[in-house]
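Visitor: next come a sequence and a model predicted from it.
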Amino acid sequence: MARRGSDGKQRIEIGGRALAVTNLDKVLYPEADTTKGQVIEYFTEIAPAMLPHLADRAVTRKRWPDGVDHEPFFEKNLPTSAPEWIERHAIEHSHRYVQYPVLDSVAALAWAGQQAALELHVPQWRFVGGDRGPVTRLVFDLDPGSGVGLPECAAVARAIRDLVRELGWTAYPVTSGSKGLHVYVPLDRHLAPDGASTVAKQVAVGLETLLPEQVTATMAKSVRPGKVFVDWSQNNPSKTTIAPYSLRGRAQPWVAAPRSWAELDDPELRQLGYEEVLERFRADGDLLEGLDPPVAEPDRLHTYRGMRDRARTPEPVPDTVHPHGADDTFVIQEHHARRLHYDFRLERDGVLVSWAVPKNLPTTPAENHLAVHTEDHPVEYASFSGTIPKGEYGAGSVEIWDTGTYETEKWRDDEVIVRLDGSRVSGRYALIRTNGNQWLVHRTKDQGAVRAPSGRAPFPHDITPMLATPGPVEGLDATDWVFEGKWDGVRVIAEFDAGNLQLRSRIGRDKLRDYPALGRLSEVLAGHDVVLDGEVVAFDAHGVASFSLLQDGAPPEYLAFDILYLDGVSLLRKSYSDRRRVLEALAAKVDGLNVPAPLDGPADEALAASRAAGWEGVVAKRRESVYLPGKRGRSWIKVKNWHTQEVVIGGWRKGRGARSGSLGSLLLGLPGVDGLEYIGKVGTGFTDRELTHLMSALSQLERKTSPFAGELPAAERRDAVWVTPTLVGEVRYMDWTEAQRLRHTSWRGLRDDKTPGEVRRSR
């Protein structure tokens, strides 16, 4: 199954991937004489059945590199030695990011076997767009206490099956490969993490009530003898369960094996070994076929991701294909790799279709240049400039040589004709496939009606701000990145066109009406036509921006940190560095335009400076990034010095003592699939003016029934006044509890620049 390479290492070819393997004859299960090679063979053969139940889930591995008769260890973070083609996603844990592997291919499972990761543990939620998504299934772990065994677990499993059937759900049994049974229930709706735990607990407690002599739903071990403990807690988003079809690190190579309900009637029911599981799969297929959807076909960036290690390369490596855009952007990048060449990319269907062109595009119809079709790149790559490290695919420097827009005349599998409109390249070009990935690019003789440049770009009204992606900034090189303060205010695009000033929020609301004092910008910008991106803030006595003060009516200031248009010239396709130079030149020319200075790098010094100044955080911007209106890309990365969460107000409770007769606390929620999910309350951080304003606004929204999807705790329902959930606010908080409630909240203010439908969990 393995071959030896020129470097002396053994490799196996799986699914088009070459995987280095070692010690295939090493015995991992001494009692059964099962070797690492046999473990890898098991994982590769069971992969069609196993992968759907692992897909898009963060995999925690329990490894026995010296065999099951030695101590194992758990591993969450993906080691740096892992192949670059293994999918990975970052999750924040206690203020640090952990890179989890996503095992989505036969080769990835074989890699787990090579690591002696016998046990693969996964949560009940799946990644969506690189973030934690909703829970898709429930699991009940049936753990037999002393004096009971698998037959008793089977009886409880049948009771769970009958109970969830009344809810319209199907249940699937799995012998755990250890002592007990697991019962899986696929959900026909998305549940928030706390909702899943709540439903599972209700089922477990209900069983305990129905079968008090057989079942306990209590965690305490002292009550378990003679009973089956129904562990519902593994539906918590921080918990994991052994994945179906995973091996177990026991004396024998038992497997978490799917079973039929008829099998559970067998009084001799027992755990199954991996060879038995393979035989059953060959005969009957996957008995859990209805539990999880089949593994999706790879998207158009699958090849691109597989060729890059996002932990090492500065290139953008998004988890999903970008939403379909206008299909009108092109970029030519100068790539100093082993040999200088140019990369020609056209935006189409959410990706950049790409060709490597050794001699760049031809300048006359007399030339035909070779173009080699390469893997599709993410749309975010259109703004990428930087250095790809040595040892990585495409190692070398990448610079934007030209960028602009294009029009499509023809697009077929073997012929593409486009008209380019860039700063350095314009005209009609044809790309013709000659053989496989070999194409020719030709500047056509017939250039058609060439549009003469007007010399003045039209004024771009209603630009939507470019957004930053949350993530760590540690390790970013100050030669490639600029670090700015993250301001605690309201994002506003300022338009000054023919003497008319407009200030608009992210969703297009008129903010000049809210901050009429900023009308002074008309005098500052007089004589220019300009579009600025910035933040409206209010400063406290220490010079620190405070959102609460802004909401309380403190004098507003406009901080400009980007410029998108100036006096007939569009700057959207210019690099951040170029835009910054223009912005600073404008600020030097006019009197009263506030342009905050960037923070000194490297990243750790910028972060330390922002914390010392009491700022909200830091935004890192790639120097060569172009401005992408309304898009969130990896060329802007933001990190906060504290946690904030946008919330929807669903009710309030009356105050006591000094606040008697007024508002005591707000009841907060987040939009969920089934409605507004309750996430806690906030009762501090209000100014007297805010209390008055809130009471006035809330009194007009009162209703008789709770807007929350589930029932609130009794203590928080007491004296509650329910309101229609249309107001959006923001709170500062310390952390989330296990019950998915905000801990130690403080009010920061209403967010009239957001609608309830836009509110999402921030972390």
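Guide: Happy to help now that I have it.
Visitor: count the residues that sit near the nearest residue to residue 201 once chain neighbours are set aside.
Guide: Nearest non-adjacent residue to residue 201, counting by CB to CB, 6 or more residues apart in numbering: residue 232, 4.7 Å away. For every residue, glycine as well, the C-beta is placed using N, CA and C. Look at residue 232: counted by other CB atoms under 10 Å, it has 24 neighbours.
Visitor: who's in contact with residue 232?
Guide: Contact partners of residue 232, counting by CB atoms under 8 Å, 6 or more residues apart in numbering, are 140, 197, 200-201, 203-204, 217.
Visitor: kindly recompute the last result at 6 Å.
Guide: Counting by CB atoms under 6 Å, 6 or more residues apart in numbering, residue 232 touches 200-201, 204.
Visitor: how about residue 338?
Guide: Residue 338 touches nothing, counting by CB under 6 Å, 6+ apart.
Visitor: tell me the SS of it?
Guide: The three-state label given to residue 338 by DSSP: H, G, I helix; E, B strand; the rest coil is coil.
Visitor: okay, now the spatially closest residue to residue 263 that is not a sequence neighbour: neighbour count?
Guide: With sequence-adjacent residues excluded and distances taken as CB to CB, 6+ apart, residue 263 is closest to residue 269, at 6.7 Å. For residue 269, the neighbour count with other CB under 10 Å is 18.
Visitor: look up how far residue 180 lies from residue 269.
Guide: Remark: distance between residue 269 and residue 180 (CB to CB, to the nearest Å) = 11 Å.
Visitor: helices of the stretch 551-700 of the chain, start to end?
Guide: For the stretch 551-700 of the chain, helices defined by DSSP state H, counting those that start in this stretch occupy the ranges 576-589, 603-613, 688-699.
Visitor: for the residue nearest to residue 373 when sequence neighbours are not counted, the count of nearby residues, please.
Guide: Spatial nearest neighbour of residue 373, chain neighbours left out: residue 437 (4.3 Å); criterion: CB to CB, 6+ apart. When neighbours are counted by other CB under 10 Å, residue 437 registers 13.
Visitor: residue 437 and residue 371 touch, don't they?
Guide: No - using CB atoms under 6 Å as the test, residue 437 is too far from residue 371 to be in contact (9.3 Å).
Visitor: before we move on, back to that, got a ChimeraX select line for the buried ones in the contacts of residue 232?
Guide: Here is the ChimeraX command that selects only those of the contacts of residue 232 that count as buried (16 or more other CB atoms under 10 Å):
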select :200,204
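Visitor: all helices for the protein, in order.
Guide: 36-50, 106-114, 150-165, 193-210, 274-284, 302-306, 521-524, 547-551, 576-589, 603-613, 688-699, 714-717 (DSSP state H).
Visitor: can you pull the contacts of residue 111?
Guide: Residue 111 makes contact with residue 19, according to CB under 6 Å, 6+ apart.
Visitor: relative to residue 82, how far out is it?
Guide: 7 Å.
Visitor: with residue 320 instead?
Guide: Taking CB to CB, one finds residue 320 at 21 Å from residue 82.
Visitor: who's more crowded, the two?
Guide: residue 82 (17 against 13).
Visitor: quick one: strands adjacent to the longest strand seen in the chain?
Guide: When the chain is scanned for its longest strand (criterion: DSSP state E), the result is strand 396-411. Sheet pairing for strand 396-411, assigned by DSSP bridges, gives strand 329-336 (antiparallel), strand 386-388 (antiparallel), strand 415-422 (antiparallel).
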